[in-house]
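**Q** sequence plus the predicted model coming up.
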Amino acid sequence: QVQLVESGGGLVQAGNSLRLSCVASGLTFSNYAAGWFRQTPGKEREFVGGIGRIGSVTYYADSVKGRFTISRDNAKNTVYLQMNSLKPEDTAVYSCAAAHTIYSIDVPSEPKSFGSWGQGTQVTVSS
C-alpha cells in the first residue's frame, strides 16, 4: 500500500521560511518523480514544482521560481520543499504526489499524471 505523508506546515509571517517533508512508503521511491501541488478553497490544484526520480532535474511554477527549492533523499524515501521569502498568496494546502516514470528527466506537472497523493499540510502566511 503506497502512502505519502507530508509534514512541516504551519503559520509563518511573510518573508519567513518553511520546509515541508514528504515521506513515501510502499513503493520503490527512486522509480518515481515527485511533485508538490497546492490548493486553496474554490481554486484548482496548482503545480508548485517537481523533481525527477534521481533528483537531477527540477521544475518550478513561475510563481515560486527563485523562492522555492525541491530536493529528495531516496535513501530516506523523502522529498522536500524548501519555501523561502513566503508571501500571503502562498497560503494553501500543500500536497506531495508521486508519478512512476521511466526516464530520470521526466517530471510531470499535470495532476492526472500522479498516481499517489499525500493528505496535504496547511501552510498559512500572514502579512
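**A** Sure thing, it's come through.

**Q** can you tell me the strand partners of the one helix or strand W36 maps to and which way each runs?
**A** Using DSSP states H and E, W36 falls within strand 32-39. Sheet pairing of strand 32-39 (DSSP bridges) gives strand 46-51 (antiparallel), strand 92-100 (antiparallel).

**Q** possible to save those as TSV with mean pLDDT and mean neighbour count?
**A** C-betas here are computed from N, CA, C, even on glycine. Listed next are these as TSV, based on pLDDT from 0 to 100; neighbours: other Cβ atoms under 10 Å:
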stretch	mean pLDDT	mean neighbour count
strand 46-51	98	22
strand 92-100	98	23
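
**Q** out of those strands, which is closest to A75?
**A** The closest of these to A75 is strand 46-51. By Cβ to Cβ, the value is 15.0 Å.

**Q** give me the residues contacting that closest one.
**A** By Cβ atoms under 8 Å, 6 or more residues apart in numbering, the list of residues contacting strand 46-51 from outside reads 33-39, 57-61, 63-64, 68, 70-72, 79, 81, 92, 94, 107-111.

**Q** could you dump the strand holding W36 to CSV, C-alpha only?
**A** In CSV, the C-alpha atoms belonging to strand 32-39 read as follows (Å, rounded to 0.1, in the frame of the first residue of the first chain):
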residue,chain,number,x,y,z
TYR,A,32,9.1,7.8,-9.1
ALA,A,33,9.2,11.5,-9.9
ALA,A,34,7.7,13.6,-7.1
GLY,A,35,5.7,16.8,-7.3
TRP,A,36,4.3,19.4,-4.9
PHE,A,37,0.9,20.9,-5.5
ARG,A,38,-1.1,23.4,-3.6
GLN,A,39,-4.8,24.2,-3.4
